[in-house]
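A.B. asks: give me a model of this one.
(4 chains)
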There are 2 protein chains.
Amino acid sequence: MKIKNYYKNLPHKTIERLSQYRRALMICLDNGKTHIFSHEIANIQHITSVQVRRDLMLIGYSGTLRKGYNIQDLIEVISHIIDDEEGIKVAVVGMGNLGRALMKYVRGKRHKLEVVAGFDTNEEKIGKEYKGVTCYSIDDLEKVIDELNIKLAILTVPAKYSTETAEKLVDAGIKGILNYTPKPIRVPEDVYLEEYDMITTLEKVAFYIKMHQEKEGE
Amino acid sequence: MKIKNYYKNLPHKTIERLSQYRRALMICLDNGKTHIFSHEIANIQHITSVQVRRDLMLIGYSGTLRKGYNIQDLIEVISHIIDDEEGIKVAVVGMGNLGRALMKYVRGKRHKLEVVAGFDTNEEKIGKEYKGVTCYSIDDLEKVIDELNIKLAILTVPAKYSTETAEKLVDAGIKGILNYTPKPIRVPEDVYLEEYDMITTLEKVAFYIKMHQEKEGE
DNA sequence: TTTTGCCTGTTATTTGCTTAACAATGTGCT
DNA sequence: AGCACATTGTTAAGCAAATAACAGGCAAAA
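C.D. replies: Residues are numbered from 1 along each chain as shown, chains lettered A, B, ... in the order given. As a prediction, the model looks like this:
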């Protein structure tokens, strides 16, 4: 239990990188590699080897001096930290273009993260299956989330429904929300929220393109 | 020219928030509001008023003491900073589910950011239009990007083609890439790169759900 | 056997950003 | 007029994360 609390203090950015290291390591393993150096991982991720070693130090995993890290072991250690043993059930709320694309994108990628339901208000979609996942009515949110033990929701409804849908999700007992809606939502302390706004990101890229152009014109 | 260099030093996070402030402000303006307080903006974005004021200080915009900020003016100031006067042309590279969803999502949202082309390798898609945007062959990347003066690319090809497609984009003269592929890419210094990995984000949310569960079980 | 070089693991420093603290100022109320 | 107060704008402190610096150790080469 002490150890688990320790992991809780890992930097957010380290958690993100561990997820990425693991995927890279699995590819290496498939290619028949058994050991890997910090600078090799760094090269794949385009970061520095110091950062890799520091992340691995934080999770308490040690490599061997001339052989580097044992890939199989490291994958297991990372999995033990970031995966839930039981697996976490996911719902896609809002089965528009983006919702459906994300469902397809995520489906089967990680066996500890399973998309088990979609939700929408559109009568035509309700009851239908998409990629083997049933689409339910948002009116049945609470019931379905409870019955299927869904903990995580990907929110892809139109922006004007963000707030009310988020409230319903929280009431239904959801423990984490990934909000892809351009409208920020608010959740209680015990619900983990991650927001991502594509328009903002696009505008940011555009801004730095513009800045670079202007620098050139000096 | 001095002023432009000054904007170049704005924190990345401030740029992101400016984009979000602007959208919120436009909605307020539509609702007939003319002035707004920092704490009102903060409430909409779920951040603190201090942060809003600090951001506005950094861009050198001043409000009035008892009336707050003039919404119309502030929108113009932000637009002047983050928008390119000519507008920036965008291409979606990889017209799979995610690519098409993003195209629809972005289309028409911001008139200074126009999606003017899609690219794919699938013969069936090439030459077709999607939402009024033509899908070209990836073989014509360089030609089309040059002819249509495209500066920004949204990369949504399958992961195994990330690297080679990114190289083609760079060779074609693209100045900014938004990589939605789970595989990190590398670009020269003069190309701005922003990467976003949905699987990582999902796993991060799942991790914090798991952590919270375990804390409860103590 | 000694030395060189290449790794890992840890501590220290720096950087970038957020949050806190507070000074300044004009408006409305008494 | 004078006081209380809401609000802005700025400076200072605090925090989280990245980077740098370096100590330790083994393996192969000389």
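A.B. asks: quick check on the closest residue to DNA strand D within chain A: phi, psi?
C.D. replies: Residue nearest to DNA strand D within chain A: A:Pro11 (3.0 Å; Cβ to the nearest atom of the strand). Using the backbone N, CA and C atoms, a C-beta is placed for each residue, glycine as well. When read as degrees, to the nearest 10, the backbone of A:Pro11 gives phi -60, psi 140.
A.B. asks: for the lengthiest strand in chain A, packing partners?
C.D. replies: Counting by DSSP state E, the longest strand found in chain A is strand A:113-120. For strand A:113-120, the elements it packs on are strand A:88-93, helix A:97-106, strand A:133-137, helix A:141-148, strand A:150-155, helix B:198-216, judged by 3 or more Cβ pairs under 8 Å, 6 or more residues apart in numbering or on different chains; DSSP states H and E.
A.B. asks: give me the element the closest residue in space to A:Thr165 that isn't next to it in sequence is part of.
C.D. replies: Using Cβ to Cβ, 6 or more residues apart in numbering or on different chains and skipping residues adjacent in sequence, the residue nearest A:Thr165 is A:Val157, 5.1 Å away. For A:Val157, there is no host helix or strand (DSSP states H and E).
A.B. asks: quick one, phi psi at A:Val157?
C.D. replies: When read as degrees, to the nearest 10, the backbone of A:Val157 gives phi -80, psi 170.
A.B. asks: can you give me the distance of it to chain B?
C.D. replies: In this view, A:Val157 and chain B are 13 Å apart by Cβ to the nearest Cβ, to the nearest Å.
A.B. asks: find the least confident helix or strand in chain A, judged by mean pLDDT.
C.D. replies: Here the helix or strand of chain A ranked lowest by mean pLDDT, DSSP states H and E is helix A:2-8, holding a mean of 68.
A.B. asks: following it, which helix or strand comes up?
C.D. replies: Moving toward the C-terminus from helix A:2-8, the next helix or strand (DSSP H and E) is helix A:12-30.
A.B. asks: which residues sit in contact with the closest residue to DNA strand C within chain A?
C.D. replies: Nearest residue of chain A to DNA strand C, counting by Cβ to the nearest atom of the strand: A:Ser62, 2.8 Å away. Listed by Cβ atoms under 8 Å, 6 or more residues apart in numbering or on different chains, the contact partners of A:Ser62 are A:Leu56.
A.B. asks: host element of it?
C.D. replies: Counting by DSSP H and E, A:Ser62 is found in no helix or strand.
A.B. asks: tell me the phi and psi of it?
C.D. replies: Per-residue torsions, A:Ser62: phi -110, psi 140 (degrees, to the nearest 10).
A.B. asks: pLDDT score for it?
C.D. replies: We have a pLDDT of 93 for A:Ser62.
A.B. asks: how close does it get to A:Val77?
C.D. replies: Separation of A:Ser62 from A:Val77 (Cβ to Cβ, to the nearest Å): 10 Å.
A.B. asks: before we move on, what about A:Lys125?
C.D. replies: A:Lys125 is 41 Å from A:Val77, where distance means Cβ to Cβ.
A.B. asks: may I have stretch A:161-171 as CSV, with CA atoms only?
C.D. replies: Taking Å, rounded to 0.1, in the frame of the first residue of the first chain, the C-alpha atoms of stretch A:161-171 are listed here in CSV:
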residue,chain,number,x,y,z
TYR,A,161,-24.4,19.6,-24.4
SER,A,162,-21.0,19.3,-22.7
THR,A,163,-22.0,20.6,-19.3
GLU,A,164,-25.2,18.7,-18.9
THR,A,165,-23.7,15.5,-20.2
ALA,A,166,-20.7,15.8,-17.9
GLU,A,167,-23.1,16.2,-15.0
LYS,A,168,-25.0,13.1,-15.9
LEU,A,169,-21.8,11.2,-16.2
VAL,A,170,-20.7,12.3,-12.8
ASP,A,171,-24.0,11.4,-11.3
